[in-house]
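Chemist: how does the following fold in three dimensions:
(chains A and B)
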Amino acid sequence: MQIYLPIAEVSVNAFLLLGLGGIVGILSGMFGVGGGFLMTPLLFFIGIPPAVAVATEANQIVASSFSGVLAHLKRKTVDLKMGTVLLVGGLVGSGLGIILFNYLKALGQVELLVQLCYVIFLGMIGTLMFFESLKAIRKSNKAGGSPAPTRRKHNWVHNLPFKMKFRVSGLYISVIPPLLVGVSVGVLAAIMGVGGGFIMVPAMIYLLGMPTKVVVGTSLFQIIFVTAFTTMLHATTNYTVDVVLAVLLLVGGVVGAQIGTRIGVRMKAEQLRIWLAIMVLAVCGKLAFDLLVTPTELYSLGAGGH
Amino acid sequence: MIRLAALLVLFALPAKAEEIVLGLSRDEVAITATFEGSEILIFGAIKRDAPAPDDEDLGVIVTVAGPDEPVTVRKKDRRLGIWVNTESVDVDVAPTFYAVATNRPLTEILTFTEDLNTRISTQRAIRSVGATIENAESFTRALIRIRAGQGLYQTLPTGVLVEEETLFRTLIPLPANLTEGDYKAEIYLTRGRQIVDLYTTVIPVKKVGLERWLYNLAHDNAFLYGLMSLSIAIAAGWGASAIFTVLRR
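Modeler: Predicted coordinates for the structure are as follows:
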């Protein structure tokens, strides 16, 4: 069934959008990532104008994250205190990110910057996570299946001032690292047009030392607010949020997120991480491939203006 | 200016021997939620005071042009191993939709000079004044190629059917990715590759119903529209969670 999108001004298949929303929703619920880094390129691919895809995707992430976070709240796997600290940083960061984005847009190479950002960050995080989880799986296999209790290493993160107790995460650390994580994720999220979960989740695990089970819910909690803020910015400045597109994506997305959350709970933390790593590397590979291979059409059209 | 001059020349001609009488299958095109593209049937007759002259060939040209918009055409080049946008050309005027239908190939029924003046062919309908870089023409060719691939630019060399030297009709297909605005339809009559008559009409293409309402809300009440989008997202997220909780019991 074809449907005409009023803001995007293109006609697309409604079932295709429902399906895309569903698949990305499952991944979102499983890994605690908004799924934007997958959905935004997919929307470009089916012919949605990039500006509309980025803005509408932000709105859709609000829905799937909200659905996911409710499931996590019931299971008490959301660190609200940590989430709030990350959120404060995130809002500051996305404000800064939008300023940086508009500056680079004026220079005329923003598209390349976004692509390079994706390739570099996805490649780095994917590789790190892949080898780390592989090591963890090997170790737990040697130990006869039960993971050995890990003693938390003390690094520079634990020597900073303004310490705060995060009971759900079982941490007593300074607020500075989570704030900085929030800010940098916010900046990247605004530039890349995604929620930023795929950067935040590893940062929370490896930098802040949070338990994996809490990380997913907390990340979703933070993403809701940052993407809601982004949606409002896009809707009021660029008029690029397509509500019909958003509804189709989120109907599939929220159902997928519920299923994904339940799959995620049944999987081992190491397995969850290795699959996320593989997915991140796959997207990175595809984007790098596009940059390196001779395109079939060398020319592209953009909105006019000098 | 050039177009105006062409029109003046046209009107300065002595009493017209042949005139166009036109009909349209529809006065406007409505874009609804399930819009999948459409087509317009343009038909008409040639009114004559005297019998048709048979020394020179009759030409009928039908053009349909969407609203004009500036476009930036960018070209990728390999830099340090990766493909990067390097050169770009700003096209000042490019119709968002352009179809040329003729009864015979355009060059057989229109002189080069007439085409230059009236801007009938697709290459002429696009204007880039400020293009200073070398090989700017390859950029406009790329623009035509990309838009033709999307069904937005069409050249239909035998699209017009002429019967008995009097009746003509053509079917212009409209793709689903149509931009709204006033579409200008022009019908030219040529004899011996010279234009003898021109008929112009406007076909409005607009969104209707829900599409119209949403589009207006998004532009006129952007804040409200943003809040609405967010509420829908939150409600859907909550709804799915609630339904799944019930299902699990």
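Chemist: pLDDT weak spots in the stretch 1-150 of chain A?
Modeler: Scanning the stretch 1-150 of chain A with the threshold set as pLDDT under 70 gives A:32-34, A:105-110, A:142-150.
Chemist: with chain B instead?
Modeler: For chain B (pLDDT under 70), the answer is B:1-16, B:55, B:128-134, B:248-249.
Chemist: where's the residue in it that chain A sits nearest to, which helix or strand?
Modeler: Per Cβ to the nearest Cβ, B:Pro70 is where chain B lies closest to chain A, at 2.6 Å. In this view, the C-beta of every residue, glycine as well, is placed from N, C-alpha and C. Assessed by DSSP states H and E, B:Pro70 sits inside strand B:68-79.
Chemist: contacts for that strand?
Modeler: With Cβ atoms under 8 Å, 6 or more residues apart in numbering or on different chains as the test, strand B:68-79 has contacts from A:294-295, A:298-305, B:83-96, B:139-140, B:142-143, B:179.
Chemist: now do the SS call for the residue lying closest to B:Ala52 once chain neighbours are set aside.
Modeler: Nearest non-adjacent residue to B:Ala52, counting by Cβ to Cβ, 6 or more residues apart in numbering or on different chains: B:Glu165, 4.9 Å away. Assigned state for B:Glu165: coil (three-state reduction, DSSP: H, G, I helix; E, B strand; the rest coil).
Chemist: can you get me a residue count around B:Glu165?
Modeler: Counted with other Cβ atoms under 10 Å in any protein chain shown, residues neighbouring B:Glu165 total 15.
Chemist: that one touches B:Leu58, doesn't it?
Modeler: Yes - the criterion here is Cβ atoms under 8 Å, and B:Glu165 meets it with B:Leu58 at 5.8 Å.
Chemist: which residues do the two both contact?
Modeler: With Cβ under 8 Å, 6+ apart, B:Glu165 and B:Leu58 have common neighbours B:46, B:52.
Chemist: quick revisit: next up, phi/psi of the residue nearest to B:Ala52, please.
Modeler: Main-chain dihedrals, B:Glu165, degrees, to the nearest 10: phi 60, psi 10.
Chemist: same thing with A:Leu86?
Modeler: Dihedral angles (degrees, to the nearest 10) for A:Leu86: phi -60, psi -40.
Chemist: in the longest helix anywhere in chain B, what's buried?
Modeler: Among the segments of chain B that qualify as a helix by DSSP state H, the longest is helix B:222-248. If you call a residue buried by 16 or more other Cβ atoms under 10 Å in any protein chain shown, then helix B:222-248 has these buried ones: B:222, B:225-226, B:228-230, B:232-234, B:236-237, B:239-241, B:244.
Chemist: got the angle for the helix or strand in which A:Arg262 is found vs helix B:222-248?
Modeler: Per DSSP H and E: A:Arg262 is located in helix A:243-266. If you take axes from the mean of the first three to the mean of the last three Cα atoms, to 10 degrees, helix A:243-266 sits at 40 degrees to helix B:222-248.
Chemist: tell me the gap between helix A:243-266 and the middle of its chain.
Modeler: Averaged C-alpha coordinates place helix A:243-266 at 14 Å from its chain's average position (Cα atoms, centre = their mean, to the nearest Å).
Chemist: packing partners for that helix?
Modeler: Contacts defined by 3 or more Cβ pairs under 8 Å, 6 or more residues apart in numbering or on different chains; DSSP states H and E place helix A:243-266 against helix A:14-31, helix A:50-74, helix B:209-220, helix B:222-248.
Chemist: please save the CA atoms from it in CSV.
Modeler: Extracted as CSV, the C-alpha positions of helix A:243-266 are listed here (Å, rounded to 0.1, in the frame of the first residue of the first chain):
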residue,chain,number,x,y,z
VAL,A,243,4.4,12.9,11.4
VAL,A,244,2.9,10.4,9.0
LEU,A,245,6.3,8.8,8.4
ALA,A,246,7.0,8.9,12.2
VAL,A,247,3.7,7.1,13.0
LEU,A,248,4.4,4.3,10.5
LEU,A,249,7.9,3.8,11.8
LEU,A,250,7.0,4.0,15.5
VAL,A,251,4.0,1.6,15.2
GLY,A,252,6.6,-1.0,14.0
GLY,A,253,9.2,0.4,16.4
VAL,A,254,7.4,0.2,19.7
VAL,A,255,6.2,-3.4,19.1
GLY,A,256,9.8,-4.3,18.1
ALA,A,257,11.3,-2.6,21.2
GLN,A,258,9.0,-4.7,23.5
ILE,A,259,10.1,-7.9,21.8
GLY,A,260,13.7,-6.8,21.8
THR,A,261,13.8,-6.0,25.5
ARG,A,262,12.5,-9.5,26.3
ILE,A,263,15.1,-11.1,24.0
GLY,A,264,17.8,-9.0,25.6
VAL,A,265,16.9,-10.2,29.1
ARG,A,266,17.4,-13.8,28.1
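Chemist: and the angle for it with helix A:50-74?
Modeler: 40 degrees.
Chemist: does chain B sit close to the following helix or strand past helix A:243-266?
Modeler: For helix A:243-266, the following helix or strand on the C-terminal side (DSSP H and E) is helix A:269-292. Yes - for helix A:269-292, a contact with chain B is found by Cβ under 8 Å from any Cβ of the partner chain, at A:290-292.
Chemist: list buried residues within those.
Modeler: Listed as buried from those are A:Leu291; burial here means 16+ other Cβ under 10 Å.
Chemist: who are the packing partners of the helix of greatest length in chain A?
Modeler: Taking DSSP H as the criterion, chain A has its longest helix at helix A:110-142. Helices and strands touching helix A:110-142, as assessed by 3+ Cβ pairs under 8 Å, 6+ apart, comprise helix A:80-107, helix A:176-192, helix A:197-202, helix A:269-292, strand B:82-95.
Chemist: the last one near chain A at all?
Modeler: Yes - counting by Cβ under 8 Å from any Cβ, chain A is contacted by strand B:82-95 at B:82-85, B:88, B:90-92, B:94.
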